[in-house]
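Peer 1: Here's a sequence, model it:
(chains A and B)
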There are 2 protein chains.
Amino acid sequence: MLLGSEAEMKAELIFTGSELLQGRVLNSHAQYLGRRLLQSDIQVEWHATVGDNLANLKQVVQQAVDRADLVLITGGLGPTTDDLTKEAVAEVLGLPMVLHEKSLADIKELFKKRGMFMPESNARQAFFPAGATILPNTRGTAPGALIEKGNKLIALLPGPPAELSAMFEDALLPLLIERCGNRPVLRHKVFNLTGISESAVQDLLKNLDGRINPSITYLARPGEVQVRVTAHAASVELAEKMVAELSEKVQSLLKDHIYGYNGEAVEHAVGKLLLQKGMFLSVAESCTGGLIGARLTDIPGSSAYFKGGVIAYSNELKKSILGVAPELLDQYGAVSKPTAVAMAEGIRKLTASSLGLSVTGIAGPDGGTPAKPRGLVYIALATGEGTFCQEFQFPGERFAVRRGTVSAALNMVRHYLQDGKI
Amino acid sequence: MLLGSEAEMKAELIFTGSELLQGRVLNSHAQYLGRRLLQSDIQVEWHATVGDNLANLKQVVQQAVDRADLVLITGGLGPTTDDLTKEAVAEVLGLPMVLHEKSLADIKELFKKRGMFMPESNARQAFFPAGATILPNTRGTAPGALIEKGNKLIALLPGPPAELSAMFEDALLPLLIERCGNRPVLRHKVFNLTGISESAVQDLLKNLDGRINPSITYLARPGEVQVRVTAHAASVELAEKMVAELSEKVQSLLKDHIYGYNGEAVEHAVGKLLLQKGMFLSVAESCTGGLIGARLTDIPGSSAYFKGGVIAYSNELKKSILGVAPELLDQYGAVSKPTAVAMAEGIRKLTASSLGLSVTGIAGPDGGTPAKPRGLVYIALATGEGTFCQEFQFPGERFAVRRGTVSAALNMVRHYLQDGKI
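Peer 2: Sure thing, here's the model as predicted:
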């Protein structure tokens, strides 16, 4: 079956389990499936979550089958009496439950391998709505299923994350791609920005905004604004061309604030470039208090290019360890270009590193003045070819100012390593 | 209005934003609100998520109002044209949108404080469905609202997590508790543990576990295990007594691993104690790479007790800045008690601080050996009265080992400041 190819395929995800409603676990399936389906040109339009309750489950399954082309249901395939997903789907679709002999043999075999007899209750896991395509579970006992009814597809996946992702990638996704061929595709590009507010971004893009296709959408997070360019088209080539054309304009209007694309972590890019060039980085952090080092060392193997540095939170340590001249602090203050430059040069020399990166600023909530308001940050990079320094004015609260500073500082290092300039 | 007190209150959470459907962000609101409502005796029965689309939004709001007693909607309160939550709610409930003068004045004032004029678009944030109780936003520009219609409550909360949690705790929850009075109460206590695995915790508590009321539940997060003691009772006094009695037993069995209660941040406790005693702390971080400094400086005003420190990620910096003897590193290795002690004493001396805290360990994934496996961490605290050092074996991956180390290190400082010993 090929689903109608004019319209986009709309998907609904249903998550089952009272642990999600009670906040006992974080719903990571929602993010994983949303990303992977989008990459396969399937747009998720709705999520619904319900507990292990047959009436609620039937109601959301009925609704999803009514409004979506593809329904993915996670969880509730286990052997116990509160595992009700298959029963709910069978009742909604008016299908009988039938035994799948191969699945029963597989489950028995799995128990035998573990040196055990299969408990009677596990036989439930081999019953499915009639006509279902069985999706094998390579990581556990509960098989999944794909059911086709009219022009609707309903997929049942197990709840445990390792079982879910293996079944989704190896069994379900190939079937979905086969059945969804020849549909309009969706392509997108995300710009990750720092040092600018959401409203200022919208203002810069006001002449590009308001289009339906390709479209521009915004997302503000602490220390970051994301701009997403999305295009729908009949072919991958056309969708990519539409995204590329609009992205070029977005790029030229926002270029000073872009620190990454499509959510890539700038610390990965910096790490790769440092490794390639055989260079070492050290940091001198004032207002970020260790956050830059923390981000760099979140990456395994970062000791190959990151030596460490100094958290110079007090002026005392700026002088005593980094060698910033007391006269300079007195004359310009801790939050100033000369201090940032002296910190960067100080840490580069102290650690005998190729590059010394420094930040000094006012994270707030207190400490701002009209001349030096909260959010004012100086970032400097000392190199073998001289020292660069930039002034930033970060929007938002302390948390956002500090996170934004980390992204901007790492971005400065990337620019220097890529282009030889800031 | 008091909602009927015989039946439990059923809540639905609606999350808005295409970033959730596309998997660009993890839905942490679902977990946070689910937990906090449960703690307030409000049971979440449904979640629904939709994008920034008026038709879909209206449909899920209508459905939620039909089936739930309380509807919480997050996101879509911003100034842009894709922020549609208030309009959708007003249309579903048949209420006009009206200007709330006080909110408009507040928003203008906030911009003025930041030295800016309010963009025209932000005025949208001051319009609400008629009759709404306005919930002030202490962290951003978008106020929230609580609307009562018949026997239904509909609450609108902003999307950014810091704004949402402040508004939920300070403004919404007190109103909900007032309106839901006279129901059976639920009390609980949470123990935050570090340096121990979930299964080891369950083993220690096996004689207390398995009860229905009061009950013990577990939650493992990277670098942390949470144990929750919960009791239901007809009165607050009785529920609190049940929690206290069981908690005392839990406390005595787990005391070596407890670093906090009810999710309190240990860095707050450490900061208060340092301030009280007029002491200064500095850090020497190896495997945590700046994370301890980052946690301490997340707190405004931390410069009153935190001077900074050294990120000694490489052995070179352990020697050159902290003065760790090369022979010591050669003989015992970087991950050893003598090195941790030398680092702590080195940073205390270098920064002339009251306390020097050091950590050195194997965060992984590589670098472990049978004798020194991944997760092995030494934490040392140099004081005026001598240097304490403890060995830890943290379970889990790199991310968990690093986060667990930060909590354990800060907890060591707290113990010393409280009890004069580790």
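Peer 1: my read is A:V227 is in a strand, agree?
Peer 2: Yes: secondary structure of A:V227 (DSSP: H, G, I helix; E, B strand; the rest coil): part of a strand.
Peer 1: ok, it touching A:H188?
Peer 2: No: between A:V227 and A:H188 there is no contact under Cβ atoms under 8 Å: 10.6 Å. All C-beta atoms are positioned from the backbone trio N, CA, C, and that covers glycine.
Peer 1: These two: who's more crowded?
Peer 2: A:V227 (26 against 19; other Cβ atoms under 10 Å in any protein chain shown).
Peer 1: Give me the pLDDT for the more buried one.
Peer 2: With respect to pLDDT, A:V227 has a value of 91.
Peer 1: go on, A:S5?
Peer 2: pLDDT, read off for A:S5, is 40.
Peer 1: Please, which helix or strand holds the residue nearest to A:V25 when sequence neighbours are not counted?
Peer 2: The shortest distance from A:V25 to any non-neighbouring residue, by Cβ to Cβ, 6 or more residues apart in numbering or on different chains, is to A:E19 (4.9 Å). According to DSSP states H and E, A:E19 maps onto helix A:18-21.
Peer 1: got a list of contacts for the helix or strand of chain A with the lowest mean pLDDT?
Peer 2: Lowest mean confidence among the helices and strands of chain A (mean pLDDT, DSSP states H and E): strand A:215-221, at a mean of 82. With contact meaning Cβ atoms under 8 Å, 6 or more residues apart in numbering or on different chains, strand A:215-221 is reached by A:197-198, A:201-202, A:205, A:208-209, A:225-231, A:246, A:250, B:17-19, B:24-25, B:52, B:78, B:80, B:82, B:160.
Peer 1: strand partners of that strand, parallel vs antiparallel please.
Peer 2: Looking at strand A:215-221 with DSSP bridges, its partner strands are strand A:224-233 (antiparallel).
Peer 1: Helix, strand or coil: sort out the nearest residue to A:G323 once chain neighbours are set aside for me.
Peer 2: Once flanking residues are discounted, A:G323 sits nearest to A:G346: 4.7 Å by Cβ to Cβ, 6+ apart. Secondary structure for A:G346, judged by three-state DSSP, is helix.
Peer 1: Quick one, grab the pLDDT at A:G346.
Peer 2: A:G346 carries a pLDDT value of 98.
Peer 1: so what's it up against?
Peer 2: Contact analysis of A:G346 by Cβ under 8 Å, 6+ apart lists A:284, A:321-324, A:356, A:358.
Peer 1: Return the closest of the residues you listed with respect to chain B.
Peer 2: Distance to chain B, by Cβ to the nearest Cβ, is smallest for A:I321 among those, at 6.8 Å.
Peer 1: Pull out the buried residues from the top helix by length along chain A.
Peer 2: Under DSSP state H, the helix in chain A containing the largest number of residues is helix A:398-419. Neighbour-count burial for helix A:398-419 flags A:398-414, A:416-417 (criterion: 16 or more other Cβ atoms under 10 Å in any protein chain shown).
Peer 1: and chain B, which of those residues contact it?
Peer 2: A:398-399, A:402 (Cβ under 8 Å from any Cβ of the partner chain).
Peer 1: okay, those in CSV with pLDDT next?
Peer 2: Converted to CSV, these look like this (pLDDT from 0 to 100):
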residue, pLDDT
A:R398, 92
A:F399, 90
A:R402, 96
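Peer 1: Can you lay out those as CSV showing distance to A:I311?
Peer 2: Converted to CSV, those look like this (distance: Cβ to Cβ, whole Å):
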residue, distance to A:I311
A:R398, 17
A:F399, 18
A:R402, 13
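Peer 1: Let's see the longest helix of chain A as PDB, backbone CA atoms only.
Peer 2: Output of helix A:398-419 as PDB, limited to C-alpha atoms (Å, rounded to 0.1, in the frame of the first residue of the first chain):
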ATOM      1  CA  ARG A 398      22.000  35.200  35.100                       C
ATOM      2  CA  PHE A 399      21.500  31.600  33.900                       C
ATOM      3  CA  ALA A 400      21.000  32.800  30.200                       C
ATOM      4  CA  VAL A 401      23.900  35.300  30.300                       C
ATOM      5  CA  ARG A 402      26.300  32.600  31.500                       C
ATOM      6  CA  ARG A 403      25.200  29.900  29.000                       C
ATOM      7  CA  GLY A 404      25.200  32.400  26.200                       C
ATOM      8  CA  THR A 405      28.700  33.500  27.100                       C
ATOM      9  CA  VAL A 406      30.000  29.900  26.900                       C
ATOM     10  CA  SER A 407      28.600  29.400  23.400                       C
ATOM     11  CA  ALA A 408      29.900  32.800  22.200                       C
ATOM     12  CA  ALA A 409      33.400  32.100  23.600                       C
ATOM     13  CA  LEU A 410      33.700  28.700  22.100                       C
ATOM     14  CA  ASN A 411      32.400  30.100  18.800                       C
ATOM     15  CA  MET A 412      35.100  32.700  18.900                       C
ATOM     16  CA  VAL A 413      37.700  29.800  19.100                       C
ATOM     17  CA  ARG A 414      36.000  28.000  16.300                       C
ATOM     18  CA  HIS A 415      36.100  31.100  14.000                       C
ATOM     19  CA  TYR A 416      39.800  31.700  14.700                       C
ATOM     20  CA  LEU A 417      40.700  28.000  14.000                       C
ATOM     21  CA  GLN A 418      38.600  27.900  10.800                       C
ATOM     22  CA  ASP A 419      39.300  31.300   9.400                       C
END
